[in-house]
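Asker: show me how the following folds:
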Amino acid sequence: MKRKIGWVLAAALLVLLAAGGCAPKTPTAKNKPTPVKTEQKAETVPTYRVVADNNLDKFKQTHGQYRTINYDPQEDLVSLLPGSLTQLKKESRTSTVRAYVTNWQQAAAQLRSTPMTVLTVHVQQVLTGRQQLAERDIQLILPGGFRPYGEYDKGSIYHDDKIPDGELVLTQNNQIPIPTIGSTIVVPITKPMAKQWGPEYMAWMKQAELTTAYVPVDDHSMIWRYDPQTKKLATNNPLQEKWRSTGDQTWNKKYQRLTTELEKQL
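Answerer: I've put the predicted structure just below:
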């Protein structure tokens, strides 16, 4: 009897082995490990860049295609900026900033017969001067702006009779091209003082509601364009950049030295 039971148990064991009863179980949908999702976070776009994109769209819708008239103010091109970063840091009323242009608007009033443009810029970095300006939006005044061509250079030998007098054109100082919305600039700035800028300019600032605005320190507005990819600086005016890069005058060497020293701070 015992021998018969043993044979029965042995047979049952063989059946279980043949059916895979003792083999490792294949994971089912229920007990499979949940794959870990690796999601890449979307790049956060700074608010000031979103504002700049919106303002650029509005600017294009308002002005579309337009003609630019670069006028020559017939002034000396030599920059009056200090020739080194050390000297620039000693300028107590000067702050040198790296800033992102977020808006470009024409001043509410002209200065004499010249339109003026007000840039809104977001200060990304303060290289010299007031560190409180970092991450702030400030206004920067530059000469130039839109006006009917008929109001520009009327009677001058340079007046182009082929351009309709009613056509709206951008007139700007060829030494100080107005930086575009979305560009990054490096510029030494200051608050205008009546002693240097004169009572007429101060009265105009009040009329145009720009009493808190800044102006470039240098009479010829030494504005650099900054390329975030290469981290290099270039003069805002391409023509002047070419001229300065080939010049060997003492002041030009100082300018190149200052440019190199500023680049190292960025």
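Asker: stretch 224-236: end-to-end distance?
Answerer: End-to-end span of stretch 224-236 (Cα to Cα, to the nearest Å): 5 Å.
Asker: now do the buried residues in it.
Answerer: Within stretch 224-236, the residues that count as buried by 16 or more other Cβ atoms under 10 Å are 224, 225, 226, 233, 234, 235, 236. (C-beta placed from N, C-alpha, C; glycine too.)
Asker: so the fifth one touches residue 222, yeah?
Answerer: This points to residue 234. No: shown here, residue 234 and residue 222 do not form a contact pair, counting by Cβ atoms under 8 Å, at 11.9 Å.
Asker: identify the contacts common to the two.
Answerer: Residues touching both residue 234 and residue 222 (Cβ atoms under 8 Å, 6 or more residues apart in numbering): there are none.
Asker: contacting residues around residue 173?
Answerer: Counting by Cβ under 8 Å, 6+ apart, residue 173 makes contact with 70, 71, 73, 143, 144, 221.
Asker: circling back to that earlier point, just the ones of the buried residues of stretch 224-236 in strands?
Answerer: Per DSSP state E, strands hold the following members of the buried residues of stretch 224-236: 224, 225, 226, 233, 234, 235.
Asker: leaving out chain neighbours, which residue sits closest to the fourth one?
Answerer: Using Cβ to Cβ, 6 or more residues apart in numbering and skipping residues adjacent in sequence, the residue nearest residue 233 is residue 224, 4.1 Å away.
Asker: isn't the one you found right up against residue 232?
Answerer: No: with contact defined as Cβ under 8 Å, residue 224 does not reach residue 232; the gap is 9.4 Å.
Asker: isn't residue 109 right up against residue 210?
Answerer: No: contact criterion Cβ under 8 Å: residue 109 and residue 210 do not qualify, at 9.1 Å.
Asker: please say which of those two ends up with more neighbours.
Answerer: More neighbours surround residue 210 than the other of residue 109 and residue 210, with 20 against 14 (other Cβ atoms under 10 Å).
Asker: and residue 143, how many neighbours?
Answerer: 19.
Asker: quick one: residues contacting it.
Answerer: 111, 114, 116, 117, 172, 173, 176.
Asker: what of residue 111?
Answerer: 143, 200, 201, 204.
Asker: report how many residues lie close to the third one.
Answerer: Burial of residue 201 is recorded as 17 neighbouring residues (other Cβ under 10 Å).
Asker: show the pLDDT at it.
Answerer: Reported pLDDT at residue 201 in the predicted model: 93.
Asker: name the SS class of it, please.
Answerer: helix (DSSP: H, G, I helix; E, B strand; the rest coil).
Asker: just give the closest residue to it, not the sequence neighbours.
Answerer: Closest to residue 201 by Cβ to Cβ, 6+ apart is residue 192, at 6.3 Å.
Asker: so the one you found touches residue 216, yeah?
Answerer: No: assessed by Cβ under 8 Å, residue 192 is found out of contact with residue 216, at 10.5 Å.
Asker: residue 182: which element?
Answerer: Using DSSP states H and E, residue 182 sits within no helix or strand.
Asker: give me the element the closest residue to it other than its chain neighbours is part of.
Answerer: Leaving aside its sequence neighbours, residue 182 sits nearest to residue 52 (Cβ to Cβ, 6+ apart; 5.2 Å). Using DSSP H and E, residue 52 sits within helix 47-63.
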